[in-house]
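Just need the structure, nothing else, for what follows:
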Amino acid sequence: MTNDDLRKANAETRSVWDANAAFWDEKMGEGNDFVNLLQWPAILRLLGPQPGQFILDIATGNGLTARRLAALEARVTAFDFSTELIKLARAHAAHGPLITYHVLDATDESALLSLGEAAFDSALCNMALFDMADIEPLFRTLPKLLKPGGIFVFTLTHPAFNNVSCVHVAEETDDQGEIKTVYSVKISRYLTPSRSHGLAIRGQPEPQLYFERPLQYYFNLGFRNGFVLDGFEERGFPPGVPQKNPLSWGGNFSDIPPVLVARMRLPIAS
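So this is what the prediction gives:
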């Protein structure tokens, strides 16, 4: 995309998240099955938040992850480019003194630097990189915001199994005289970065823009900016987890991961 295309896409994305903010806060609240079963346990393992650490919460949304980190006594600087989402995040009073909220655009390098160089022990971006029109400014700036040896943990809808082209399939098969239902996903594209509209939650007021990128895009961007990958989890629902809709993510797809969690680390100079 050209710079003008990126600016237009970024402006559309901000407008959509402002429009969806109240609906998102009501439906998401303090977390759903994706957060509680897939994202948060892996975030705890890979981020390892400790009392007193300074953590940057990128694209915090309604502040869900900021509040969870502050409950562990971390000091959290959280931001989002949606004014409406930050209003809702500030309205949740829990652990207020440990959280500082900002309205800030993750595609704006100078705005990111205003948060403070070498100020953070770690950074988290939970389920948001695919909502950003341009993630290169963030990856360029993070090494300046993190302390030596600092880590960056991000979660994604799995680009290989849970992108906008994903179709959920249920098929009956005769397995040696026993009729079984087999659940699978069909993917029609992966390697070529693309953008398209979709719904994160059924019924949200406005469809959002998804910016689809293959794994190599994320990892190579991190490597070019001095990070090493030293933690990685692909997360699937355990068998038996109920599904809200017949073909929505849940226990029937237990061997297919809809979420991944990655940790990238800045080496400490010798």
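
What are the buried residues along the top helix by length along the chain?
Looking only at the chain and at elements set by DSSP state H, the helix with the highest residue count is helix 3-28. Neighbour-count burial for helix 3-28 flags 6, 9-10, 13-14, 16-21, 24-25, 28 (criterion: 16 or more other CB atoms under 10 Å). For every residue, glycine as well, the C-beta is placed using N, CA and C.

just stretch 224-233 next, same as before
225, 227, 231, 233.

How about stretch 137-157?
So for stretch 137-157, counting by 16+ other CB under 10 Å, buried means 137-139, 141-143, 145-147, 150-157.

likewise stretch 247-258?
Result for stretch 247-258 [16+ other CB under 10 Å]: buried residues 249, 250, 252, 253, 256, 257, 258.

What is the end-to-end distance of that stretch?
13 Å (CA to CA, to the nearest Å).

ok, residues contacting it?
33-34, 38, 157-158, 161-162, 168-170, 181, 183-185, 234-244 (CB atoms under 8 Å, 6 or more residues apart in numbering).

For ChimeraX, write the select line for the buried members of those.
Buried residues among the contacts of stretch 247-258 (16+ other CB under 10 Å), as a ChimeraX selection:
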select :33,34,38,157,158,161,162,168,183,185,234,235,236,237,241,243
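
Can you tell me the closest non-neighbouring residue to the residue sitting nearest the centre point of the chain?
Nearest residue to the geometric centre of the chain (CA atoms, centre = their mean): residue 127, 1.3 Å. Of all residues not flanking residue 127 in the chain, residue 155 sits nearest, at 5.4 Å (CB to CB, 6 or more residues apart in numbering).

bridging residues for that neighbour?
Beta bridges link residue 155 to residue 126, residue 261, judged by DSSP bridges.

For residue 224, see how far away it is.
21 Å (CB to CB, to the nearest Å).

low pLDDT regions in the protein?
Residue ranges of the chain with pLDDT under 70: 95, 270.

got the residue ranges for the helices in it?
So, for the chain - with DSSP H - the helices run 3-28, 33, 40-47, 64-71, 83-91, 109-113, 136-145, 215-224.
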